[in-house]
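Novice: Would you be able to build a 3D model of this:
(one chain, ligands or ions: 1)
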Amino acid sequence: MAISRAMKLFSRSFASLSSTPLRVCVVGSGPAGFYTAEKMLKRHQGAEVDIVDRLPTPYGLVRSGVAPDHPETKIVTNQFSRVAQNERCSFFGNVSLGSSVSLSELREMYHVVVLAYGAESDRVLGIAGEDLAGIHSAREFVWWYNGHPDCKYLTPDLKGTDTAVILGQGNVALDVARILLRPTAELATTDIASHALAALEESSIRKVYLVGRRGPVQAACTTKELREVLGIKDLHINIKEVDLVKTPADEEELKNSRIQKRVYELLSKAAVSGPSHRSSDQRELHFVFFRKPDGFLDSDDRGGHVVGVRFEKTILKESVGSGKQVAVGTGQFEDLECRLVLKSIGYRSFPVDGLPFDAHKGIVPNVGGRVLINSSGDHTQLEGVYVCGWLKRGPTGIIATNLYCAEETITSIFEDLEKGVLASALSLPKPGKEGLLQLLDRRNVKVIPFSSWEKIDTEERRLGSLKNKPRDKLTTWEELLKVAIKV
Ligand SMILES: Cc1cc2nc3c(=O)[nH]c(=O)nc-3n(C[C@H](O)[C@H](O)[C@H](O)COP(=O)(O)OP(=O)(O)OC[C@H]3O[C@@H](n4cnc5c(N)ncnc54)[C@H](O)[C@@H]3O)c2cc1C
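Specialist: Numbering: from 1, shown residues only. Reported below is the predicted structural model:
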């Protein structure tokens, strides 16, 4: 009893003592990582926060996910850059948790480790033909057009076909459709990767199908993104009137959601307001509802390239308990020919060694950001380890959602400091960045500090100014590291 009271006192005084550094490592420099760092620095004047990222560039999906024609969304990087320039904050790029450094090593070197490394893999459908050439995840395609160095060489074939099928109808699916259909002259003044712009300029894609399992009432997008794609110049929109017929259950859903109601209204309006004359080069966007993918079709000669998707028609049934309508197959099938498929069916996180992982939910088991040793309902914490962002909640929500998510995780950390939960970690001296940099040096990992990222930033802006773009991204590991390391 006396010991635990002493621990509490020790932790309390530790949390408030500005001269004692609280060494914190944040893994991942996306919104979740930066919001966590910002809040930690604000709340604890003695905290020293090191942000590591596997890329030489910071900002996660703000750089490699947000669409190039949404520059206003990327302004948040100014705020993140101010965090990185705080004298108690360091950014170390080109440092990968799992290969450059392990979780157990970080736990030895820091009092607190916050994992915010996002969701960098894809959900799979698990249907026949999913590995055929010509099928990509939306994540890969988005990384490709945003110049992520891991997808520079994706080379989606935009010339061998006039039809692309996008599976999914969420905002990412709409981004992808817009990039495929928007006039390239408009994309040319954005920060789209040059290799993607060049490929889109030569693209023969004229028809894009956005396919959803459920109906227009359940379309998982928001109005801003929908309006934008519907507003593309000279685009013919195709929506079958029969799909717009509502059931009483649909009416009930619409009553309960203003966003769904607006989305439905926009789709209904678009269905009846197509352009009167269509040219031979007309671009078309088809919203296809009530279809679930059943398999991908290979060519007759089994050439290994997708030539179509087999869909099963669906109807909606109320799922018992949830009150939601789910799509169930009808046993009727139809094929849609195409040679390019982009699966926009969701992202997935993956675990690293020593980190508990809920394989079913695809997240790290946690309560309010406190990592739990397993997902079976046992609330024992992995001491000193926290989680934030998509790795904590799953791949949903906008940038600002991560602000609230970081607030929750930081609150948990400070509660634990107050309660003495971190007492054993705090009682040991931790080397923090000094130890980390020594270890990385021994492993020949070339660390990219924020000042070196700024060299990349300057170079990208300079290259962009030559082409009337806000920036021309460096898109290979070699180019990025060369510019960052240049003296
Ligand atoms: C295509 C797309 C478009 C979007 N558009 C918008 C939009 O317009 N507006 C909006 O508000 N929201 C948008 N979002 C949502 C928003 O991007 C996310 O909510 C947010 O980025 C999630 O933040 P995060 O920090 O959890 O993950 P991320 O942003 O993915 O950051 C994770 C970071 O961890 C790093 N990392 C990964 N693995 C490791 C490792 N092993 N070691 C070290 N570092 C690692 C990554 O390099 C990355 O920098 C979009 C999302 C997507 C996918």
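Novice: okay, CA-based contacts and neighbour counts for the rest of this
Specialist: Will do.
Novice: Let me see the contact set for residue 123.
Specialist: Contacts for residue 123 (Cα atoms under 8 Å, 6 or more residues apart in numbering) come out as 345, 346, 347, 348.
Novice: tell me which parts of this protein are close to the ligand?
Specialist: By the rule Cα under 6 Å from any ligand atom, the part of the chain lying against the ligand is 27-33, 52-55, 58-62, 65-66, 73, 95-98, 116-119, 142, 172, 389-391, 397-399.
Novice: which is the next helix or strand following the top helix by length along the chain?
Specialist: Counting by DSSP state H, the longest helix found in the chain is helix 401-419. From helix 401-419 onward toward the C-terminus, using DSSP states H and E, the following helix or strand is helix 423-426.
Novice: buried residues in that next one?
Specialist: Residues of helix 423-426 classed as buried by neighbour count (16 or more other Cα atoms under 10 Å): 423, 425, 426.
Novice: before we move on, what about stretch 126-139?
Specialist: By neighbour count on 16+ other Cα under 10 Å, the buried set for stretch 126-139 is 129, 130, 132, 133, 134, 135, 136, 137, 138, 139.
Novice: What of stretch 191-203?
Specialist: 191, 192, 193, 194, 195, 196, 197, 199, 200, 201, 203.
Novice: buried set for the longest helix of the chain?
Specialist: Buried positions in helix 401-419, judged by neighbour count with 16+ other Cα under 10 Å: 402-414, 416-419.
Novice: What of stretch 373-380?
Specialist: 373, 374, 375.
Novice: For the stretch 201-350 of the chain, just list every one of the helices.
Specialist: Per DSSP state H, counting those that start in this stretch, the stretch 201-350 of the chain carries helices over the ranges 223-230, 248-256, 258-271.
Novice: can you put those helices in JSON lines and add mean pLDDT and mean neighbour count?
Specialist: Shown next, in JSON lines, are those (pLDDT from 0 to 100; neighbours: other Cα atoms under 10 Å):
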{"stretch": "helix 223-230", "mean pLDDT": "97", "mean neighbour count": "16"}
{"stretch": "helix 248-256", "mean pLDDT": "93", "mean neighbour count": "14"}
{"stretch": "helix 258-271", "mean pLDDT": "96", "mean neighbour count": "18"}
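Novice: count of neighbours near residue 466?
Specialist: When neighbours are counted by other Cα atoms under 10 Å, residue 466 registers 11.
Novice: and what of residue 290?
Specialist: Residue 290 is flanked by 20 other residues according to other Cα under 10 Å.
Novice: Same check on residue 323?
Specialist: Using other Cα under 10 Å, residue 323 is surrounded by 11 other residues.
Novice: What's the per-residue pLDDT of it here?
Specialist: The per-residue pLDDT reported for residue 323 equals 74.
Novice: thought residue 262 was touching residue 225?
Specialist: No - Residue 262 is beyond contact range of residue 225, at 12.0 Å (criterion: Cα atoms under 8 Å).
Novice: where in the chain is pLDDT low?
Specialist: 1-20, 274-278 (pLDDT under 70).
Novice: residue closest to the middle of it?
Specialist: Residue closest to the mean C-alpha point of the chain, counted by Cα atoms, centre = their mean, is residue 61 at 5.3 Å.
Novice: Residue 325 versus that one, what's the distance?
Specialist: Separation of residue 61 from residue 325 (Cα to Cα, to the nearest Å): 31 Å.
Novice: With residue 423 instead?
Specialist: 48 Å.
Novice: now residue 196
Specialist: Taking Cα to Cα as the measure, residue 196 falls 38 Å from residue 325.
Novice: re earlier: what residues are up against the nearest residue to the residue nearest to the centre of the chain once chain neighbours are set aside?
Specialist: With sequence-adjacent residues excluded and distances taken as Cα to Cα, 6 or more residues apart in numbering, residue 61 is closest to residue 30, at 6.3 Å. Contact partners of residue 30, counting by Cα under 8 Å, 6+ apart, are 58, 59, 60, 61, 62, 116, 117, 118.
Novice: Apart from its neighbours in sequence, what residue is nearest the third one?
Specialist: The shortest distance from residue 60 to any residue that is not its chain neighbour, by Cα to Cα, 6+ apart, is 3.9 Å, and that residue is residue 30.
Novice: Cross the residues of the chain next to the ligand against helices and list the overlap.
Specialist: Reading helices off the residues of the chain next to the ligand with DSSP H, I get 31, 32, 33, 61, 62, 142, 172, 390, 391.
Novice: Around the residue nearest to residue 396 when sequence neighbours are not counted, count how many other residues there are.
Specialist: Take residue 396 and drop its neighbours on the chain: the residue closest to it by Cα to Cα, 6+ apart is residue 390, 6.8 Å away. By other Cα under 10 Å, the residues close to residue 390 number 27.
Novice: Any buried residues in stretch 444-458, and which?
Specialist: Buried positions in stretch 444-458, judged by neighbour count with 16+ other Cα under 10 Å: 445, 446, 447, 448, 449, 450, 452, 453, 455, 456, 457.
Novice: Would you pull up how far that stretch lies from the middle of the chain?
Specialist: How far stretch 444-458 lies from its chain's middle: 23 Å, per Cα atoms, centre = their mean, to the nearest Å.
Novice: Use 688 as the first number for this chain going forward.
Specialist: Let's use 688 as the start, then, which means that last one is stretch 1131-1145.
Novice: Can you check the distance spanned by that stretch, start to finish?
Specialist: Terminal residues of stretch 1131-1145 are spaced 26 Å apart (Cα to Cα).
Novice: Also stretch 738-755?
Specialist: The first residue of stretch 738-755 is 25 Å away from its last residue (Cα to Cα).
Novice: cool, and stretch 920-928?
Specialist: End-to-end span of stretch 920-928 (Cα to Cα): 23 Å.
Novice: Distance from that stretch to the middle of the chain?
Specialist: Between the centre of stretch 920-928 and the centre of its chain there are 29 Å (Cα atoms, centre = their mean).
Novice: List of residues touching that stretch?
Specialist: If you take Cα under 8 Å, 6+ apart as the criterion, stretch 920-928 is touched by 868-870, 917, 954, 957-958, 961-962, 965, 969-975.
Novice: Make a ChimeraX selection of whichever of those turn out to be buried.
Specialist: In ChimeraX, this line selects whichever of the contacts of stretch 920-928 come out buried by 16+ other Cα under 10 Å:
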select :868,869,870,917,954,957,958,970,971,972,973,974,975
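Novice: burial measure for the residue of the stretch 888-1037 of the chain found nearest the ligand, as a count.
Specialist: Residue of the stretch 888-1037 of the chain nearest the ligand, by Cα to the nearest ligand atom: residue 1034 (7.5 Å). Neighbourhood size, residue 1034 [other Cα under 10 Å]: 20.
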